[in-house]
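>>> A structural model of the following input is requested.
(one chain, ligands or ions: 1)
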Amino acid sequence: FGRIWGRKWGRLCPLNYFFQISTSESIDLSKFPVDKIRNFSIIAHIDHGKSTLADRLLEMTGAIAKTDKNKQVLDKLQVERERGITVKAQTASLFYSHHGQQYLLNLIDTPGHVDFSYEVSRSISACQGVLLIVDANQGIQAQTVANFYLAFEAQLAIIPVINKIDLRNADPERVESQIEKVFDIPREECIRISAKLGTNVETVLKAVVDRIPPPLACPNDPFKALVFDSCFDHYRGVVTNVALFGGQVKKGDRIVSAHHSKTYEVNELGLLRPDEHPTQRLYAGQVGYIIAGMKDVKEAQIGDTLHLQDQPVEALPGFKPAKAMVFAGMYPMDQSEYPGLRSAIERLTLNDSSVTVQRDSSLALGAGWRLGFLGLLHMEVFNQRLEQEHNASVIVTAPTVPYKAILSSAKLIKEHGSEEITIVNPAQFPDRGVVSEYLEPVVLGTILTPDSYTGKIMSLCLVREARYPGIQAQNVFKETLLFFIFFSSLKSLEFLILHSFDYENAGYQTAELIKMDILLNGNPVEELATVVHRNRAYSTGKSMCERLKDTIPRQMFEIAVQAAIGSKIIARETIKAYRKNVLAKCYGGDITRKMKLLKKQAEGKKKMRLIGRVEVPKDAFINVLKRKDK
Ligand SMILES: Nc1nc2c(ncn2[C@@H]2O[C@H](COP(=O)(O)OP(=O)(O)OP(=O)(O)O)[C@@H](O)[C@H]2O)c(=O)[nH]1
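Residues are numbered from 1 along each chain as shown. Got it, this is the predicted structure:
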């Protein structure tokens with residue numbers, strides 16, 4: 001067991017001990033022709049119980065043992081367990097007997113947070129049906145609607161499952177009516193369950209077999225597989241998760257990537273149960289993994305088609321690449337840690353190809369990188385994984401969105417080769433004098449709310465400069481509010497995301513933007529520069545200075561913290577001089593105690609970064625933009 005997990009997830013997965021699967025068990029997958037296979041996914045709004053239901057399904061089909069320790073088995077990452085969210089889609093093949101027949105059910109668990117919705121669309125492409133989970137108390141939420149449409153547009157069979165019926169305030173009747181009204185699914189098709197207690201979960205398994213069609217895959221066609229996920233294994237290279245749309249594949253076969261035409265030899269292949277379980281072959285309709293000596297996940301492009309070397313096929317449609325919407329600088333605490341951090345970032349991006357990485361350098365923080373993420377949660381999760389899984393200590397600068405500027409200076413247009421430029425680093429924000437217009441990304445947000453909250457939510461959104469586009473939702477949900485919101489304002493609406501807020505990118509809109517500098521004792525600190533809306537500059541400048549005053553410890557000299565627009569100072573705070581004598585309370589006596597206190601002080605200093613003469617704690621860079629008023 002240790003070998004399997006150790007190889008796949010490094011020291012991440014102590015979980016292996018709980019698994020029941022015997023590696024010597026040999027599975028003959030040829031026993032599962034296409035009509036005995038069901039590929040399905042679980043989709044839901046965040047926290048409605050996908051991972052809990054997945055655990056029950058795994059238990060009931062014997063993939064894992066029934067024990068209290070098997071919680072959120074498919075949430076393998078430490079960050080997923082700590083935050084209680086799913087970040088990465090996982091796959092598990094289950095064996096299930098129904099009507100006296102053996103079936104192979106492939107379950108693909110998906111994340112719920114809107115930042116990771118690209119993972120959902122990927123998983124859906126490998127399925128023919130979905131379990132649409134709705135909380136019996138909360139009812140339909142924004143992500144339920146968004147995920148329903150993803151599945152509906154892909155023409156998948158949709159099985160509505162009402163979860164958490166054990167809750168005292170559960171109201172499955174009301175949720176069934178909602179499902180009928182909003183999705184036009186007859187209420188008789190809803191299955192009421194408690195994933196936590198296991199109530200009625202068997203009915204879900206039966207429905208998967210009875211209501212989801214087998215995959216449309218032809219065993220007699222040449223081998224054709226869709227790559228729907230990939231991860232990197234340090235010893236064996238890239239592990240690709242594939243769905244076979246035709247033919248079969250075995251160890252030793254030479255396969256070709258339709259995307260870049262490179263040829264590879266299959267070294268290993270098999271099922272995910274949910275750990276890797278090697279088999280002799282994979283057949284049409286099945287979902288599994290292939291290891292074929294790819295050295296970089298970029299070689300295993302998500303959405304790519306694999307085929308045999310001598311039997312080319314037409315490539316499958318693939319996916320739109322995920323687009324980075326939040327950028328932040330990452331720097332090592334100390335330049336001597338640069339190589340370590342570089343390899344940590346490389347290893348992590350090997351498993352998350354949606355992160356973009358560009359080398360960057362700054363006067364104060366030295367050499368580092370500018371990374372692009374899908375959203376703020378994605379950025380926080382990446383940072384947490386760097387620290388937890390790779391023991392890296394990083395300085396992260398305040399996140400920014402990709403702004404655009406339309407240049408008016410002929411010289412600059414010539415220099416950039418285009419009138420329009422994209423700016424992902426506030427330090428490089430061009431001056432108003434050479435720009436005719438600034439543009440900021442906007443999202444189209446959907447908020448589902450009871451009537452009584454409409455007024456409050458509307459005024460909150462309008463304060464954040466949201467624009468009501470006047471679109472009426474399809475009449476089924478009269479409480480649906482639609483807004484265009486600047487991406488940079490999303491953070492302040494974060495609390496809504498957990499409830500009933502969903503958004504999709506909606507291009508760019510003109511915005512009155514200016515660059516604001518932060519000066520420490522008169523020296524501008526590039527990494528603290530930020531782009532703000534003109535009308536919010538004063539309040540943002542003031543709160544940034546206050547925040548820095550709270551974060552930067554008093555030092556032996558006075559520090560002036562100033563916010564400036566161009567040469568104009570718009571806010572100022574002063575950090576008074578102070579000398580912390582940690583030994584003050586140690587009169588005479590024990591030298592070891594004094595040494596201990598001095599050591600502690602020195603360790604505290606290590607977490608600081610010297611800018612000019614000022615020591616700045618590493619958290620200051622990211623905290624500086626956080627709001628005080630929650
Ligand atoms: N009472 C009750 N609680 C449940 C039930 N199913 C899940 N929960 C709880 O609801 C919370 C969220 O469950 P998860 O399974 O983590 O939800 P999820 O949809 O996988 O969440 P994401 O992966 O973050 O989208 C957990 O605290 C579960 O214990 C249920 O049937 N009854």
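>>> What does Thr61 show for phi and psi?
phi -100, psi 10 (degrees, to the nearest 10).
>>> Which helix or strand contains the spatially closest residue to it that is not a sequence neighbour?
The shortest distance from Thr61 to any non-neighbouring residue, by C-beta to C-beta, 6 or more residues apart in numbering, is to Leu94 (3.9 Å). All C-beta atoms are positioned from the backbone trio N, CA, C, and that covers glycine. Using DSSP states H and E, Leu94 sits within strand 90-98.
>>> next helix or strand past that strand?
Trace forward from strand 90-98 with DSSP H and E and the next one is strand 101-109.
>>> Quickly check: that next one near the ligand or not.
No. Judged by C-beta under 6 Å from any ligand atom, strand 101-109 and the ligand are separated, with a smallest distance of 7.6 Å.
>>> pLDDT score assigned to Tyr96?
Looking at Tyr96, its pLDDT is 91.
>>> same thing with the one 3 residues further on?
For His99, the pLDDT comes out at 83.
>>> where do the helices sit along the stretch 1-150 of the chain?
2-9, 50-60, 78-83, 117-125, 142-153 (DSSP state H, counting those that start in this stretch).
>>> Give me the sheet partners of the strand holding Leu94 and which way each runs.
With DSSP bridges as the test, strand 90-98 is paired with strand 101-109 (antiparallel).
>>> what helices or strands is the helix or strand containing Lys549 leaning on?
Lys549 belongs to helix 537-551 when elements are defined using DSSP H and E. For helix 537-551, the packing partners by 3 or more C-beta pairs under 8 Å, 6 or more residues apart in numbering; DSSP states H and E come out as strand 513-520, strand 530-533, strand 559-565, strand 568-575, helix 620-623.
>>> Give me the phi and psi angles of the closest residue to the ligand within the stretch 301-450 of the chain.
For the stretch 301-450 of the chain, the residue closest to the ligand is Leu377, as judged by C-beta to the nearest ligand atom, at 10.4 Å. When quoted as degrees, to the nearest 10, the phi and psi of Leu377 stand at phi -60, psi -40.
>>> go on, the one 4 residues further on?
Dihedral angles of Val381 (phi, psi; degrees, to the nearest 10) stand at phi -70, psi -40.
>>> check contacts around Gln178.
Gln178 is in contact with 134, 139-140, counting by C-beta atoms under 8 Å, 6 or more residues apart in numbering.
>>> how far away is it from Val145?
Relative to Val145, Gln178 is positioned 10 Å away (C-beta to C-beta, to the nearest Å).
>>> Check Pro274 too.
With distances taken as C-beta to C-beta, Pro274 is found 29 Å from Val145.
>>> Against Arg572, how distant is the closest residue to Gly522 other than its chain neighbours?
In this structure, Gly522 finds its nearest non-sequential neighbour in Ala560, 6.9 Å apart by C-beta to C-beta, 6+ apart. Separation of Ala560 from Arg572 (C-beta to C-beta): 6 Å.
>>> same deal with Val208?
When C-beta to C-beta is applied, the distance between Val208 and Arg572 equals 64 Å.
>>> quick one on the thing from earlier: got the buried residues for the strand holding Leu94?
By neighbour count with 16 or more other C-beta atoms under 10 Å, strand 90-98 contains the buried residues 90-94, 96.
>>> And the residue of the stretch 301-450 of the chain closest to the ligand, what's its pLDDT?
Confidence for Leu377, expressed as pLDDT, is 75.
>>> hang on, isn't Phe327 packed against Gly375?
No. Contact criterion C-beta atoms under 8 Å: Phe327 and Gly375 do not qualify, at 11.5 Å.
>>> Can you give me the end-to-end span of stretch 406-419?
Start-to-end span of stretch 406-419 (C-alpha to C-alpha, to the nearest Å) is 6 Å.
>>> Kindly report the same for stretch 413-430.
For stretch 413-430, the first and last residues are 12 Å from each other (C-alpha to C-alpha).
>>> again with stretch 506-521
Chord length of stretch 506-521, first to last residue, is 41 Å (C-alpha to C-alpha).
>>> and that stretch, average pLDDT?
For stretch 506-521, the per-residue pLDDT averages 86.
>>> do stretch 434-453 as well
Mean predicted confidence for stretch 434-453 is 76.
>>> now do stretch 201-216
Mean predicted confidence for stretch 201-216 is 93.
>>> again with stretch 361-372
When pLDDT is averaged over stretch 361-372, the result is 82.
>>> before we move on, what about stretch 330-345?
On average, stretch 330-345 scores 85.
>>> ends of it, how far apart?
Stretch 330-345 has an end-to-end distance of 10 Å (C-alpha to C-alpha).
>>> how far is that stretch from where the chain is centred?
Centroid separation for stretch 330-345 versus its chain: 23 Å, with C-alpha atoms, centre = their mean, to the nearest Å.
>>> same question, stretch 224-238
Counting by C-alpha atoms, centre = their mean, stretch 224-238 comes out at 19 Å from the chain centroid.
>>> Who does the closest residue to Leu272 other than its chain neighbours form a beta bridge with?
Closest residue to Leu272 apart from its sequence neighbours, by C-beta to C-beta, 6+ apart: Thr91 at 4.5 Å. Beta-bridge partners for Thr91, by DSSP bridges, are Ile108.
>>> so Thr91 makes contact with Asp275?
No. When contacts are counted by C-beta under 8 Å, Thr91 is not listed as touching Asp275 (10.7 Å).
>>> So stretch 173-181, near the ligand or not?
No. Applying C-beta under 6 Å from any ligand atom, one finds stretch 173-181 separated from the ligand by no less than 13.1 Å.
>>> picking that back up, Val208 and Arg572: who's more crowded?
Taking other C-beta atoms under 10 Å, Val208 and Arg572 do not tie; Val208 has more neighbours (23 against 15).
>>> which residues touch the more buried one?
Val208 neighbours (C-beta under 8 Å, 6+ apart): 38, 40, 96, 105, 129, 131, 159.
>>> and what of Ile191?
Shown in contact with Ile191 (C-beta under 8 Å, 6+ apart): 159-162, 200, 203-204, 207.
>>> Apply 10 Å and report the result again.
131, 133, 159-163, 200-201, 203-204, 206-207, 211 (C-beta atoms under 10 Å, 6 or more residues apart in numbering).
>>> Quick check: strands, which of these are part of them?
131, 133, 159-163 (DSSP state E).
>>> So Leu216 is in contact with Leu244, correct?
No. At 11.5 Å, Leu216 does not count as touching Leu244 under the criterion of C-beta atoms under 10 Å.
>>> Show me the domain layout of the protein.
Domains of the chain are assigned by the TED database as 29-211, 224-308, 326-396, 403-511, 539-625.
>>> By mean pLDDT, show me the worst of those.
Among those, domain 403-511 carries the lowest mean pLDDT (a mean of 71).
>>> Give me the distance between the two termini of it.
Start-to-end span of domain 403-511 (C-alpha to C-alpha) is 10 Å.
>>> Over to stretch 245-265?
First-to-last distance for stretch 245-265 - C-alpha to C-alpha - comes to 19 Å.
>>> Show me which residues of it are buried.
Here stretch 245-265 shows 245-249, 251, 253, 255-259, 264 as buried, counting by 16+ other C-beta under 10 Å.
>>> Of all pairs in the ones in strands among the contacts of Ile191, which one is the farthest apart?
Pairwise distances across those peak at 12.2 Å for Ile159 and Asn163 (criterion: C-beta to C-beta).
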